[in-house]
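S.K.: this one's sequence-less:
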C-alpha cells in the first residue's frame, strides 16, 4: 500500500511516496498557480508512471494521502497576493 504526501508551493508541488517498507521516493512538478489542482494531477500521473501503474491503480492502492500547502503562508510572509 502507498502513502503519499503532497505539498503545493508557489513554484513547485512536491510529493513524497512510500510503499510498504521501501525507502521514500521524492517527486517534484511545477505548481500551477491559476489552478493548483492541475499540478497535483500532473504529479500523481508522474508518480503512477514511476511505479508502472495507472493513476487509478495508484489511488486504489493508496491508503493515506496527506495534503498541505505553503502558498498562503508564503503570501503572508512575502506580503504578496491579492
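M.R.: That came in fine, so what should we check first? Everything numeric here is computed off the predicted structure, so don't read it as measured data. Numbers count the residues shown, from 1 in each chain.
S.K.: dihedrals phi and psi, residue 5?
M.R.: Main-chain dihedrals, residue 5, degrees, to the nearest 10: phi -110, psi 130.
S.K.: grab the nearest non-local neighbour of it.
M.R.: For residue 5, ignoring the flanking residues on the chain, the nearest one in space by Cβ to Cβ, 6 or more residues apart in numbering is residue 16 at 4.2 Å. (Each C-beta comes from the backbone N, C-alpha and C, glycine too.)
S.K.: run the chain-centre distance for the helix or strand where the one you found lies.
M.R.: If you go by DSSP states H and E, residue 16 is part of strand 12-19. Distance of strand 12-19 from its chain centroid, counting by Cα atoms, centre = their mean, to the nearest Å, is 5 Å.
S.K.: neighbouring contacts of stretch 70-78?
M.R.: Stretch 70-78 has contacts (Cβ atoms under 8 Å, 6 or more residues apart in numbering) with 7, 8, 9, 10, 31, 33, 36, 80, 81.
S.K.: any of those residues buried? List them.
M.R.: 7, 8, 9, 10, 31, 36 (16 or more other Cβ atoms under 10 Å).
S.K.: what's the third one sitting at in phi/psi?
M.R.: Okay, so that is residue 9. Main-chain torsions, residue 9, degrees, to the nearest 10: phi -110, psi 180.
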